[in-house]
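S.K.: got a sequence here, can you model it:
(2 chains)
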Amino acid sequence: VTECDDVADVVQASLEGQRVRRCLGSLTDLQRQSIRLAYYSGYSYPQVAQLLGVPLGTVKTRIRDGLIRMRDCLGVNW
Amino acid sequence: VKALRDDMHLLTGSYALDALSDLEQEDFGRHLQACPPCEAEVRGLRETAARLAMAKALRPPPGMQARVLAATYRTRQLPPATVRRPGQDQWPARMARPGRERSPGRHLAGGRPAGGRLATGQPGGGRMPRLAAAVAAASMAAAVALGATQALTQHQLDAARADNAAIARIATAPDARVATTRTSAGGTVTIIVSAGQRAAVIATAGMASLPHAEIYQLWVISPAGARSAGLLSRAGQAGPMLASGVRPGDRIGITVEPSGGTSSPTTTPVVAVPVPA
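M.R.: Okay, here's the model as predicted:
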């Protein structure tokens, strides 16, 4: 394995990361915050609801809608 | 009843992020078994969640990658069922668990019990399917996966067609190679690789079902690191999967991970198949 391959992998990973960040940017604030708190910070959705001061049902739908938007933006095959 | 079902369905996203309480997680896991559309949606959202990790964990913490890889390469490889090539991997027959460090996030940081499930080094077995049989099996798996899901969207159909075209392209490539290997989670994994197309088709069969909080994750493992190639279902039957950017010398590995998937492998692979040259 050459150093070149390593660089290619890092570049690939970094492009993918940029793509994810771009897609996150296309979400509504509430969708993005809900996903951030649930995924990156590891809160449960009732905790997310409490933190954001919104009803439980709202968080449920925002997480789902946001993820669906991410899925479509990233072109995830399913 | 309908209202309740609709309400349940809204939990797909939170379930995919592992953001339900344990009780709800179990309830919803049961609901999934009776709701193919929910199951299909969860699969897509989990795959999406696995990609979310890319934004945060572009670079693993210093030293982690090396430790994970060291553990990966120490892992005993189950003998491939295909013709063995001279000079192909001789791994020490010793198991090791990779580092536990993960990116932030409860489901990422949460420890897993030291697994007794992982490889015990079964005798190599399985048989080498002829290429045609492997392709047929892959297509069959795709058809079954499609048939099992009643509510297909146009997007799913398009995606399935694109996948099938890619599968056919790889399987019919002049340089396509097939290998079937047993996994330590039972069953077998078959990979069809085209070095020219730098792509592989992976199909599993008969792997043990996992508890609801866990999932099988597919990796392309190179000396530079392990890259997620997607999530299989808890039962390991996600139909044929595609992995791109595959080079000879890489390994196709499957690990058991928390249900949302992770950005780097955190357990010893149940199987790690060297990509044939």
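
S.K.: close to chain A, is the one helix or strand B:Val273 maps to?
M.R.: The secondary structure element spanning B:Val273 is strand B:271-274 (assigned by DSSP states H and E). No. No part of strand B:271-274 sits near chain A under the criterion C-beta under 8 Å from any C-beta of the partner chain; the closest distance found is 14.0 Å. Placement of C-beta: from N, CA and C, glycine included.

S.K.: again with stretch B:182-199
M.R.: No. Legend: contact between stretch B:182-199 and chain A by C-beta under 8 Å from any C-beta is lacking; minimum distance shown is 11.5 Å.

S.K.: quick check: buried residues in that stretch?
M.R.: The neighbour-count criterion (16 or more other C-beta atoms under 10 Å in any protein chain shown) identifies B:182-195, B:198-199 as the buried residues of stretch B:182-199.

S.K.: in strands, which of those appear?
M.R.: Secondary-structure check on these using DSSP state E: residues within strands are B:Arg182, B:Thr188, B:Val189, B:Thr190, B:Ile191, B:Ile192, B:Val193, B:Ser194, B:Ala199.

S.K.: residue ranges in chain A under the pLDDT threshold?
M.R.: Regions of chain A meeting the criterion pLDDT under 70 cover residues A:1-15, A:78.

S.K.: could you pull out the helices for it?
M.R.: Counting by DSSP state H, chain A forms helices over residues A:3-25, A:29-35, A:45-52, A:56-74, given from the N-terminal end onward.

S.K.: would you turn those into CSV with mean neighbour count and distance to B:His9?
M.R.: Supplementary listing: those in CSV, determined by neighbours: other C-beta atoms under 10 Å in any protein chain shown; distance: least, C-beta to C-beta, whole Å:
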stretch, mean neighbour count, distance to B:His9
helix A:3-25, 14, 23
helix A:29-35, 21, 17
helix A:45-52, 18, 15
helix A:56-74, 21, 8
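
S.K.: dump these into a markdown table; add distance to chain B as well.
M.R.: Rendered in a markdown table, the data for the helices of chain A read as follows (distance: least, C-beta to the nearest C-beta, whole Å):
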| stretch | distance to chain B |
| --- | --- |
| helix A:3-25 | 4 |
| helix A:29-35 | 7 |
| helix A:45-52 | 4 |
| helix A:56-74 | 3 |
